[in-house]
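**Q** build me a structure from this.
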Amino acid sequence: MVSPDPQQPLFLGLMSGTSADGIDAALVQFPATGGCRLVHGHTFDWAPDTRALLVALGQGGEPGSLDALGRLDAEVGIAFAAAANGLLERAGVAPAQVQAIGSHGQTIRHRPTATPAFTWQLGDAHRIAELTGIATVADFRRRDVAAGGHGAPLMPAFHLAMLGSSGEDRAVLNLGGIANLSLLARDGSLRGFDTGPANALLDGWCQRHLGAAFDVDGAFAASGRVDEDLLARLRDEPWFALPPPKSTGREQFHLDWLAARLGDERREPADVQATLLELTAATVADALLAHLPAVRRLLVCGGGVRNPVLLRRIAARLPGVAVASSATHGLDPDYMEAMGFAWLAREALAGRPANLPSVSGARGPRILGALHPA
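**A** Take a look at the predicted model:
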C-alpha cells in the first residue's frame, strides 16, 4: 500500500475472472507522466454457495428460474460493492475521493460466435453505485459484441498503454482461468486473443483429487509425468486451430471436456495434472510464436504467475524469450486486470474508445461500458 497523490484522481477496479476464485479490488491512480500506480489492492473471497453457483453457470449450467438468476445478479452486485467498500476502508480513503469504479462483473455466458452473438456478466452495477456512493462504469463487453466483436479480451489496450515499447516486440500473458495474450509489436501494432485453458482446468482437477482450491507451487503437477498420448488428444481440440480474433471460457474448457478425452483408460491423477499444465504451456507458446515470432520478452500476470512449474515449462518452449512477472515493470501481477478495469472506467468517463478492432474483430472503435451515476 502507498499513500495516494492528492493531485491525482483515484479510480477503483473490480474483477472476478473465469476461475471465480475471488473479487480482486484495486485502487489506482494514473500519473500525468504515464503508467498506473497501485495505491492498494485486496482480494475478497466469494461466499462458497455463491461461488458454486457462478462456476456451475459459467460452464453451461442452468439457473433454475428467472427468480434465482435475478437474485444472483443482485447478490453479485452487493458482493462487488462490499469489496469496494472494504478496500477503501483498508486504504483509509473516503468514497468521495474516488472518481469512479470500473466493474467487470462475473461472466456466466460468453457466446461471441452464436447467432446473434452475446456475452453476459452478472453483478448489478446499480447496487454498486448505490451501496458505495461512487459512480460506477460496468457492462464493458457487450458494446463490442454488438459491433461484431468478441468483447474479449479487454486488457490488450491497457497492456499497450502501460507496457508497450518501441525497442522490442513484447507480449503480455494473463494466466487466469483462461490464458490470453496481448501482442505488443515494436511498431505500435497490437493484437490479442485467448489461447486456451489455464487455471480453470488445473484448479478443477486439483480440487477433485486433492480437495485443494489450487496446485500450490505446481507441486501436484511436478509429481507426475506428462502423458504424451493424452496431450496429443487435448491439443487436437479444433478450437486451438481457429485464427484470431477468438475468445473462450469455462463453457468450452471444463472437466467434462477433459473427461471426454480421458476415456476409460486409467491414469494417475498427478500425470493428468502434469499434462494439463503442459497443455497450457504448449498452447501459449504455439500461439505466441505463430503470431509474434520476433518476440523477445513475455510479461506474465494473473494467478498462474504463482506457479513456478508452469512458468518454467512456458520458458522452456520459448528459447531466447525472457519470461518474467509483470512486477518487473512495476505492475502487480495479482491486480493487473482489476487495475485494467479502473483504466477502462477512466477511458469511458473521458469519452475515449477502449476496444481494439484488431483484437476483438469489432467493426470499429467503441466507447465501452455503461455509466451508473452515484
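**Q** in the stretch 251-374 of the chain, which spans are helices?
**A** Secondary structure of the stretch 251-374 of the chain (DSSP state H, counting those that start in this stretch): helices located at 255-262, 269-291, 308-316, 336-349, 357-360.
**Q** which among the ones you listed is found nearest to Ala79?
**A** helix 336-349 (14.4 Å; Cβ to Cβ). Placement of C-beta: from N, CA and C, glycine included.
**Q** check which residues of the closest one are buried.
**A** Residues 336-349 are the ones in helix 336-349 that count as buried (16 or more other Cβ atoms under 10 Å).
**Q** mind giving me the packing neighbours of that helix?
**A** Packing contacts for helix 336-349, counted by 3 or more Cβ pairs under 8 Å, 6 or more residues apart in numbering; DSSP states H and E, involve strand 10-15, strand 23-29, strand 98-103, strand 136-138, helix 156-163.
**Q** quick one: mean pLDDT over that helix.
**A** Per-region confidence: helix 336-349 scores 98 on mean pLDDT.
**Q** same question for stretch 151-170.
**A** 93.
**Q** 44 is where my numbering starts, stick with that
**A** Okay, residue one is now 44; in that scheme the one you just asked about reads as stretch 194-213.
**Q** ok, and for it, which residues are buried?
**A** Under the neighbour-count criterion of 16+ other Cβ under 10 Å, stretch 194-213 has 194-207, 212-213 buried.
**Q** swap in stretch 344-357?
**A** Buried, per 16+ other Cβ under 10 Å, within stretch 344-357: 344-350, 352-354, 356-357.
**Q** chain center to stretch 399-407: distance?
**A** In this view, stretch 399-407 has its centroid 18 Å away from the chain centroid, taken as Cα atoms, centre = their mean, to the nearest Å.
**Q** now that stretch: mean pLDDT?
**A** Stretch 399-407 comes out at a mean pLDDT of 95.
**Q** try stretch 57-65
**A** Regarding stretch 57-65, the rounded mean pLDDT is 91.
**Q** mind listing residues that contact it?
**A** With contact meaning Cβ atoms under 8 Å, 6 or more residues apart in numbering, stretch 57-65 is reached by 66-69, 86-89, 94, 97-98, 101, 123, 126-127, 144-150, 166, 171, 219-221, 242-243, 246, 256-257, 292-293, 345-346, 380-381, 383-384.
**Q** check which helices and strands the longest helix along the chain sits against.
**A** Secondary structure of the chain per DSSP state H: the longest helix is helix 109-134. On a contact count with 3+ Cβ pairs under 8 Å, 6+ apart, helix 109-134 meets strand 53-58, strand 66-72, strand 80-87, helix 91-101, strand 141-146, strand 161-165, helix 168-175.
**Q** low-confidence ranges in this structure?
**A** Within the chain, no range satisfies pLDDT under 70.
**Q** show me the domain layout of it.
**A** Per automatic domain parsing, the structural domains of the chain span 53-195+376-415, 199-372.
**Q** quick one: closest of the helices and strands packed on helix 379-392 to Ala228.
**A** Using Cβ to Cβ, the nearest of those to Ala228 is helix 199-206, at 9.7 Å.
**Q** now the element after that closest one, going C-ward?
**A** Beyond helix 199-206 in the direction of the C-terminus, DSSP states H and E gives the next helix or strand as strand 213-218.
**Q** what helices or strands is that following strand leaning on?
**A** Packing contacts for strand 213-218, counted by 3+ Cβ pairs under 8 Å, 6+ apart, involve helix 199-206, strand 221-227, helix 312-334, strand 340-344.
**Q** can you tell me the strand partners of the shortest one and which way each runs?
**A** Sheet pairing of strand 340-344 (DSSP bridges) gives strand 213-218 (parallel), strand 365-368 (parallel).
**Q** pick the most buried one from these.
**A** Among the strands paired with strand 340-344, strand 213-218 has the highest mean neighbour count (mean count of other Cβ atoms under 10 Å), at a mean of 27.
**Q** and the contacts of it?
**A** With contact meaning Cβ under 8 Å, 6+ apart, strand 213-218 is reached by 196, 198-199, 202, 206-207, 222-227, 229, 241-242, 323, 327, 331, 335, 338-348, 350, 353, 357, 369, 379-380.
**Q** contact partners for His169?
**A** Counting by Cβ under 8 Å, 6+ apart, His169 has contacts 120, 415.
**Q** swap in Pro288?
**A** 192-193, 236, 402-404.
**Q** in the residues you listed, find the pair that's most separated.
**A** Largest separation among the contacts of Pro288 by Cβ to Cβ: Gly192 and Phe236, giving 11.6 Å.
**Q** isn't Leu319 up against Trp248?
**A** Yes: judged on Cβ atoms under 8 Å, Leu319 makes contact with Trp248 at a distance of 6.1 Å.
**Q** which neighbours do the two share?
**A** Both Leu319 and Trp248 are contacted by Leu301, under the criterion Cβ under 8 Å, 6+ apart.
**Q** the more surrounded of the two?
**A** Ranked by neighbour count (other Cβ atoms under 10 Å), Leu319 and Trp248 place Leu319 first, with 31 against 22.
**Q** picking that back up, by neighbours, which of the contacts of Pro288 wins?
**A** Neighbour counts for the contacts of Pro288 (other Cβ under 10 Å) peak at Ser403, which has 29 neighbours.
**Q** for that one, which non-adjacent residue is spatially closest?
**A** In space, and not counting its chain neighbours, Ser403 is closest to Gly192: 3.3 Å by Cβ to Cβ, 6 or more residues apart in numbering.
**Q** so what's that neighbour up against?
**A** Residues in contact with Gly192 (Cβ under 8 Å, 6+ apart) are 155, 288, 398, 400, 403-406.
**Q** and if we set it to 6 Å?
**A** Contacts for Gly192 (Cβ atoms under 6 Å, 6 or more residues apart in numbering) come out as 403-405.
**Q** okay if I get those residues as TSV plus distance to Ala134?
**A** Output for these, formatted as TSV (distance: Cβ to Cβ, whole Å):
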residue	distance to Ala134
Ser403	33
Gly404	38
Ala405	35
